[in-house]
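Asker: coordinates only, sequence not included:
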């Protein structure tokens, strides 16, 4: 399993963008994660240098927030809602199905970096329960057939 | 105490606005337990053990972060508070391993102490296993995160006090722990092993690794650090008459715990030579550096001298003190009779106390009638101090380091305080963190560059570059109206003339000559405009040939910006040894009498002749190098060296060795069997700083008393005792018999040493240094001829090598090399055994990284591993002092200055034999 190449140019452009910004660390980390898919550990030192912080501080912020990841993720991040409403509507079965279909456990990424599987406490769309997100798109009122077709669609995308 | 009135435990107390409840309770000796609070750190409110109850509102408040308010009714030990406090401790204990029996923290563990006071023996909760490995990858610290209570003291000490940022919290909730970047071991992080975190850890999560014994020392006593000129206060832990642990002493020693001054009962201790500030607070607060914390295990080295020794044909012979002193006195007298007083020389020590240096120079000037007395500072900053003294007419004295907090901007010039004076570097980092612009100017990379607002990298060749850059900054500041005209109006003269000269400077020419770009200089001028500047001047400037011009340029800038001798406008020199100032003040210089008075001054001579009831020799004295040169020529026959190791610390050791072997008498008074001691005829075993009384004067002019903490080993004696005995034998009616006698004589007669005497600097004839408002304005002088003087570097096969003094050694490393931990650490630092080159130079010279290369000058050659660093300026190289017996100085000749760097040839080579004279 080889990690995909990192777009260093994009990272350095972003660091330059935030060099003079006060309280710029979290927005910068978000943008890096958006552009690269994750925050490469090798980027911690350049980020710290750019914002004149200690690298250990930057790492502290990254590891504190569940939203940041230091591991490369798949092209499509599947987030299954495990909130109360979704649970009542059978999200456990949805998750189990997705684990079967993708061969991944929670927090894992496929070898070809197509999918990452994650669970979320609540997506805030209980009226659509059970729900999931693929990157930024919501999918609601899920059923096994719907999940299969969604996954099918993304694995070919 | 203040204007707010409240009650704690039913007792009326008063507080000042902004003080926390904890501070108020502490002031009234009302005990409140705490784990995460430390007086040197910002309140954090993490451990919640300092919970107190506010009765009116019924709220539970963390006392460390709650400001005292009027009419609060606080209960510190109500049933409700105790229930909560016990619960917190029980939860902490549920996660704590049961390895107290083998924990080095022992009875000093704050968690254990608090649990005991709350009567908690067993948490009564299910244990939460928290398995973390016990780490001891470096020779200094151990780490056992299973004992971590997440108080964050280590992280906050690192960030707030030391400013290195090697560790921070990682993770969240139960996963959180202090960690380095990428969870590398400390050895692979930016940690400098200052040990501040370990000294602060309330439990055994971070511990000091022990050299001699494990566990709690028998007793702890305050002392001073014997290494560098910062003068940190230590707490020495002693077991079995051996110093086994070193920690920073509490920043403010309570009067009962403070040393008793020996001079008068009213003496405020310590006192300052120049200015007066809060002298009760230690310089270092809760911090220390790698040397102070760990290198003191040299005190227990097997190389310590324990008996007087006399060299015979059968080798070293142990003799009793009376015999050794008798022999030394007789031989000195014989040589004086046979060859005259000028044939004897004395070398004092910036590692010995002020009183001892005073006695030694008295021995030279009074008992033997010669002014051949000198001392060697590990970084050779004497030339700089001398030059600054002349330019300011002895008005200069570095202010307290705490003044750096008031500085509006700081220029660090030719200095690497992170290596040489780490605790001063903490002050600089804290100032930078608080937003003070810091500009670094150097010819090779330094640790501070990364934090600097602007970093000006100068070309390696041409000493004049520093002065040119400073003059150009005045020009730019003048253009931006960033100078202080109101200040210069009365206190400076010749400003116009100076500016006329400066207007002729052009950026292009300046850049091609000095390497400082227009853009960087403009940024520096912007950062400095309208601000007072504090200066830190390092060995790269102080050891250069151009030193007087550079310091003149610095004074110009300081004066023109209205900084000179103003709060936050100090000039600090990178002095290396604990008592450089004391050695200077006590007269351990050939051309200066005690009190820093010139020998050529008739009044000063008469003053001392009267004080000592003697007549002083009319001859001039010789400096250390001149003494050696005279010895080489056969004119100097005897040398008395106290606490110095010229064979390790002077250039060209083989030549020094040859000179020492020509002497008819070499007496070495030292604590370690050094290479120099081995060349002696008589060795007198002295006592280390921890074994004797006396005073040390730090770079701020803070005179701090020492008290003996342990006894000297076996027959070794305090150096003042040895010198007093010798004085008695050479001058039988000499009045000084005890240390107190000496201190009284010094206090009576040395201006500056006298507690109530006038500060030294008021003698200056220049206005900026006189508090009474009188005195001449100080002139701005154009310190250069023409810019073409600073020649651009010509590419050649030779490189400009800079010598870096790594922080784990002090100067040449005589003492630090006897610390097993430092030796062990150096083995893990391949860089110190390397020469560092820019990759392009390595390519040009056809050298491969990692191979052994020969580094050669006309004087000598050494072998080093080749290491490459793209941050270096091409054409320069970096070598490290202290390693391999400090053989790097064999590259230098006596005529070279040790600090300004040296031109070296680098070629591939293999070690055939170890060069001579390279042992510790």
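Answerer: Alright, I've got the coordinates. Predicted, not measured: the structure shown is a model, and the values here were computed from it.
Asker: residue B:529 - how many residues pack around it?
Answerer: Residue B:529: 17 surrounding residues under other C-beta atoms under 10 Å in any protein chain shown. For the C-beta atoms, the positions are set from N, CA and C on the backbone; glycine is no exception.
Asker: ok, and the closest non-adjacent residue to it?
Answerer: Leaving aside its chain neighbours, residue B:529 sits nearest to residue B:482 (3.2 Å; criterion: C-beta to C-beta, 6 or more residues apart in numbering or on different chains).
Asker: tell me which stretches of chain A form helices.
Answerer: A:8-18, A:25-36, A:44-51, A:55-64, A:84-88, A:91-102, A:144-156 (DSSP state H).
Asker: right, and those - which one's nearest chain B?
Answerer: Taking C-beta to the nearest C-beta, helix A:55-64 is the member of the helices of chain A nearest to chain B, at 3.8 Å.
Asker: what's the angle between the closest one and helix A:25-36?
Answerer: 70 degrees (axes from the mean of the first three to the mean of the last three C-alpha atoms, to 10 degrees).
Asker: show me how far helix A:55-64 is from its chain's centre.
Answerer: Counting by C-alpha atoms, centre = their mean, to the nearest Å, helix A:55-64 is centred 18 Å from the centre of its parent chain.
Asker: quick one: low-confidence ranges for the chain?
Answerer: No chain was given, so I picked chain A. Per-residue confidence for chain A (pLDDT under 70) gives these ranges: A:1-2.
Asker: that was the other one, I meant chain B.
Answerer: Within chain B, the stretches with pLDDT under 70 are B:1-2, B:210-214, B:253-280, B:378-379, B:462-463, B:751-763, B:771-773, B:785-796, B:897-901, B:909-920.
Asker: who's in contact with the residue of it found nearest chain A?
Answerer: Nearest residue of chain B to chain A, counting by C-beta to the nearest C-beta: residue B:165, 2.6 Å away. Contact partners of residue B:165, counting by C-beta atoms under 8 Å, 6 or more residues apart in numbering or on different chains, are A:53, A:54, A:55, A:56, A:57, B:158, B:159, B:190.
Asker: near chain A, which residues of the stretch 51-200 of chain B are found?
Answerer: Within the stretch 51-200 of chain B, the positions near chain A by C-beta under 8 Å from any C-beta of the partner chain are B:159, B:164-172, B:179-182, B:189-190.
Asker: now list the buried members of those.
Answerer: Among these, those buried by neighbour count (16 or more other C-beta atoms under 10 Å in any protein chain shown) are B:159, B:164-170, B:179-182, B:189-190.
Asker: which of the helices of chain A sits most buried?
Answerer: Most buried of the helices of chain A by mean neighbour count (mean count of other C-beta atoms under 10 Å in any protein chain shown) is helix A:55-64; its value is a mean of 22.
Asker: now what about it, what contacts it?
Answerer: With contacts defined as C-beta under 8 Å, 6+ apart, helix A:55-64 is touched by A:25-26, A:29, A:39, A:44-45, A:47-48, A:51, A:68, A:70, B:159, B:165-172, B:179-182, B:189-190.
Asker: residue of chain A nearest chain B, please.
Answerer: Residue nearest to chain B within chain A: residue A:54 (2.6 Å; C-beta to the nearest C-beta).
Asker: quick check: phi and psi on that residue?
Answerer: Note on residue A:54: backbone dihedrals following degrees, to the nearest 10 are phi -80, psi 140.
Asker: out of everything not next to it in sequence, what's closest to it?
Answerer: When the adjacent residues along the chain are set aside, residue A:54 lies closest to residue B:165, with 2.6 Å between them (C-beta to C-beta, 6+ apart).
Asker: tell me if I am right that that neighbour is in a strand.
Answerer: No - assessed by DSSP: H, G, I helix; E, B strand; the rest coil, residue B:165 does not belong to a strand; its assignment is coil.
Asker: hang on, the earlier thing: now, the residues of the stretch 51-200 of chain B next to chain A that are in strands?
Answerer: Of these, the ones assigned to strands by DSSP state E are B:167, B:168, B:169, B:170, B:179, B:180.
Asker: what's opposite the second one in the beta bridge?
Answerer: So that's residue B:168. For residue B:168, the beta-bridge partners are residue B:179 (DSSP bridges).
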